[in-house]
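Peer 1: Sharing a model that was predicted from the sequence below.
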Amino acid sequence: MPKNKKPQGGRPARNFDPSYAKAGSKKPGSRSAGHRGYRPEETDSPAKTRWSRDERVAAGRAPHRGEREGREPHDDRAPRAGGERGGRSYDRNDRAPRSFDRNDRSDRAPRSSDRDDRGPRREYGDRPARPHYREDRPARSFDRDDRAPRRFDRDERPARSNDRDDRAPRRDRDDRPARSYDRSDRPARSFDRDDRAPRREYGDRPARSNDRSDRPARSYDRSDRPARSYDRSDRPARSFDRNDRNDRSDRPARSFDRDDRAPRRDRDDRPARSFDRNDRPARSFDRNDRPARSFDRDDRAPRRDFERPGFRDSERRPSSFYPAKNTEAHFTPADDVVLERLEADAIQADAVDGVSFADLGLGGNVVRVLKELGAESPFPIQAATIPVVLEGRDVLGRGKTGSGKTIAFGAPTVERLMTLWAESGKSGGKRQMGRKPRALILAPTRELALQIDRTVQPIAQSVGLFTTQIYGGVPQGRQVGALQRGVDIVIGTPGRMEDLIEQRRLDLSEVVITVIDEADHMCDLGFLEPVQRIIRHTAEGGQKLLFSATLDQGVATLVDEFLVEPAVHEVAGEDQASSTIDHRVFVIENRDKRDIVAELANRDGKTLVFSRTRAFAEDLTNHLEDYGIRAVALHGDLNQSRRTRNLQQLTSGRVNVLVATDVAARGIHVDDIDLVIQADAPDEYKTYLHRSGRTGRAGKQGRVVTLIPRNRQRRMNELLDRAEIDIDFVDVRLGDDLLGELEGGLAAVAAEVTEVEAETVEVEATEVEVVEVDADNAESDEVLAS
DNA sequence: AAAAAAG
């Protein structure tokens, strides 16, 4: 049956058919209380009317409602709880039936995920009914007996007993100790992180101060460090045995005990190390005289100018693209190893001058399309990875946010498919029906998959290859249709990909190039296993490309299982925190958060606001609109068409403010976002870097403001340490000139950048350093989890 | 907590 058609005749699909819930329908959505999509026959408030500000205040949604002490008011909790809201009955029994399923918002009048389409019930009504809407809920404490009669047609649900009495065990709520939704009487729950037991451990660490200024002399002066050799051969024997990976015994005095971590901060007691370029054993950038590269570059005709023997730095012109950096002070990570066993090739940012895409080995058609896409000449990460991908090698690519990674893997993937095709003698043919995909690109979010396709599709088309998007949230019909017609490159997200594989509509057995974008994130819990399963469906021995701005140890699992002698490439001295992004941290009163966000967003220019939860993203969006600021939301509670539309509204400039969860943290490119506001601070430094990376793209200026409550300063400090960002916090209050405060930070940028770069270099310089950063991270995650 | 599947 055609996927997009409503079933003919009968009524089997009523609950699954969105059209039943559409506007204008006399009996919209579900007609039963507590059911998704439920709409009462006629309500006292007109369906499409937004709450006035007063109403919001009454409901506790407007600013300045009192926050309880010790509670970190993630405002997203309020709508569910409701017990503390003024002007509202606290007696649960006189409330209309209310769902506490956070996903079921059907009965919430004022909350809508749809900015333009205010009828919340309609909003959720077009989702297919959840079959287990009741069974999977934990016991609830409110009395159902006063509920309005349930109105759905019971006849349609045969197997279900309508006799409430026989459901006693689940229904009888009186035997539970009074559960209250009034937050004030919850005993042991505190949102004050400082009084959580495990966190206390931080308190007895010795020399850790949040005052950055009183840190024990941390020197960024490269010259004052005693000579450290980068000659690998003189490092204390380090095991590269994979099985030995976790054996850190060969590392010098490393402790994971936080209590004695202090020594690590003191960099003076490190074994002789120098960042003085001049005292390093002669390092050559001439690839031809590198000793131990596992692949032989010498037998390639030198395609790149900078590969030519004898090519010197002085022959390079300064990059016109990357903002002027002090290359003199720049450390060049020679043997920077990001991942164990892997040697990272660092390409100089200015090494690409005079190099063209054609020089890198791309064909005429591809080069022409790249030009049309606005890519005239390669960015460093592209220059670094394209030739290697074309060689057929596995590649790990790390380039900062906005540095052009999509083309870095997209263009050579297309070119390589053509090469392979030619080699197999099949080239030049027309599109063959049912042709199986030969390349696969995986991304963590639908928006990113879409965006990648927008770049790759034209490149592929230029040489007669076809792409299709395989992601969820939309009917699969089109996708399956495309697969049946024959597709060369599939681009999508893991869920739908697996779904179609299971349905045997997607056959990856001929996929010889697999790209994992945001690879480190794709190795996170919840993503890793699906990704592994999908890759296992691809052709054995196929080429694998892993890319991310924050590529780190996290991808080891994938690397171990799927990659063979991967080449690791990155851009030298590059750091997300450097150069074009001005970072600010405002210490605020939590109750002022939404107002402060509003004041910061109340400006010209595109602003992206990050929230930790979907609910708070909604809340903030509402709040901004109350301020008269046009804003839309982007998060997983919205259906896909709305997600796409809302993002499009920011891209097109119809709205200037997008409030998003971390769905928008990675990869999403919107031109000219010049301010990122983190309404909730991220938990991971990598998240910080990716969120920040939505601004300051392609060398443009950008600003990032992170709002934190007083009690988060220490955590934030630690996070910024890992992100290699050194900035001071600013106490701000609601009345302050916040935008002025924002400007105030600009002067400090230059100095910061220098420092940040120095530190970056340090981390990139040795494995031990990188591992430390990661371990540090993992460690604190552990602590936080406990 | 969020993300990723539901003809």
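Peer 2: Alright, I've got the coordinates.

Peer 1: A:Ile491: neighbouring residues, count only.
Peer 2: Neighbourhood size, A:Ile491 [other C-beta atoms under 10 Å]: 31. (Each C-beta comes from the backbone N, C-alpha and C, glycine too.)

Peer 1: is it in a bridge, and if so with what?
Peer 2: Note on A:Ile491: beta-bridge partners by DSSP bridges are A:Ile441, A:Gln469.

Peer 1: Show the contacting residues for the closest residue to DNA strand B within chain A.
Peer 2: Of the residues in chain A, the one nearest DNA strand B is A:Gly495, at a distance of 1.8 Å by C-beta to the nearest atom of the strand. Neighbour list for A:Gly495: A:Tyr471, A:Gly472, A:Pro530 [criterion: C-beta atoms under 8 Å, 6 or more residues apart in numbering].

Peer 1: Enumerate every residue touching the last one.
Peer 2: Put plainly, it is A:Pro530. By C-beta under 8 Å, 6+ apart, the neighbours of A:Pro530 are A:Pro494, A:Gly495, A:Met497, A:Glu498.

Peer 1: Which of those fall in helices?
Peer 2: Among the contacts of A:Pro530, the ones falling in helices (DSSP state H) are A:Pro494, A:Gly495, A:Met497, A:Glu498.

Peer 1: Please render those residues as TSV that adds pLDDT and distance to A:Val705 to the earlier fields.
Peer 2: Conversion of the ones in helices among the contacts of A:Pro530 to TSV gives the following (pLDDT from 0 to 100; distance: C-beta to C-beta, whole Å):
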residue	pLDDT	distance to A:Val705
A:Pro494	96	33
A:Gly495	95	33
A:Met497	96	37
A:Glu498	96	38
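
Peer 1: of those residues, buried ones?
Peer 2: A:Pro494, A:Met497, A:Glu498 (16 or more other C-beta atoms under 10 Å).

Peer 1: what does the stretch 551-700 of chain A have sitting close to DNA strand B?
Peer 2: A:Arg612, A:Thr613, A:Arg614, A:Ala615, A:His635, A:Gly636, A:Asp637, A:Thr661, A:Asp662, A:Val663, A:Asp683 (C-beta under 7 Å from any atom of the strand).

Peer 1: Just the closest of those residues to A:Ile347, please.
Peer 2: Of all these, the one with the least separation from A:Ile347 (C-beta to C-beta) is A:Asp662, at 29.6 Å.

Peer 1: Am I right that A:Val463 is in contact with A:Ala411?
Peer 2: No. At 10.6 Å, A:Val463 and A:Ala411 do not qualify as touching, with contact defined as C-beta atoms under 8 Å.

Peer 1: Where does pLDDT dip in the stretch 201-350 of chain A?
Peer 2: Applying pLDDT under 70 to the stretch 201-350 of chain A flags the ranges A:201-343.

Peer 1: Ok, chain A next?
Peer 2: For chain A, applying pLDDT under 70 flags the ranges A:1-343, A:425-433, A:574-579, A:744-786.

Peer 1: domain assignment for it?
Peer 2: Each domain of chain A is listed here as a residue range: A:1-179, A:337-571, A:581-768, per automatic domain parsing.

Peer 1: so which of the contacts of A:Pro530 comes closest to A:Val512?
Peer 2: Comparing every one of these with A:Val512 (C-beta to C-beta), the shortest separation belongs to A:Met497, at 16.7 Å.

Peer 1: Can you classify the residue nearest to A:Arg630 when sequence neighbours are not counted as helix, strand or coil?
Peer 2: The shortest distance from A:Arg630 to any non-neighbouring residue, by C-beta to C-beta, 6 or more residues apart in numbering, is to A:Val655 (4.5 Å). Reducing the assignment at A:Val655 to three states with DSSP: H, G, I helix; E, B strand; the rest coil gives coil.

Peer 1: Let me see the contact set for A:Val655.
Peer 2: Neighbours of A:Val655 in contact, by C-beta under 8 Å, 6+ apart: A:Arg630, A:Ala631, A:Val632, A:Gln649.

Peer 1: Buried only: go through these for me.
Peer 2: Neighbour counting over those (16+ other C-beta under 10 Å) leaves A:Ala631, A:Val632, A:Gln649 as the buried ones.

Peer 1: need the contact list for A:Ser548.
Peer 2: With contacts defined as C-beta under 8 Å, 6+ apart, A:Ser548 is in contact with A:Gly397, A:Arg398, A:Lys405, A:Asp517, A:Glu518, A:Ala519, A:Asp520, A:His521, A:Val555.
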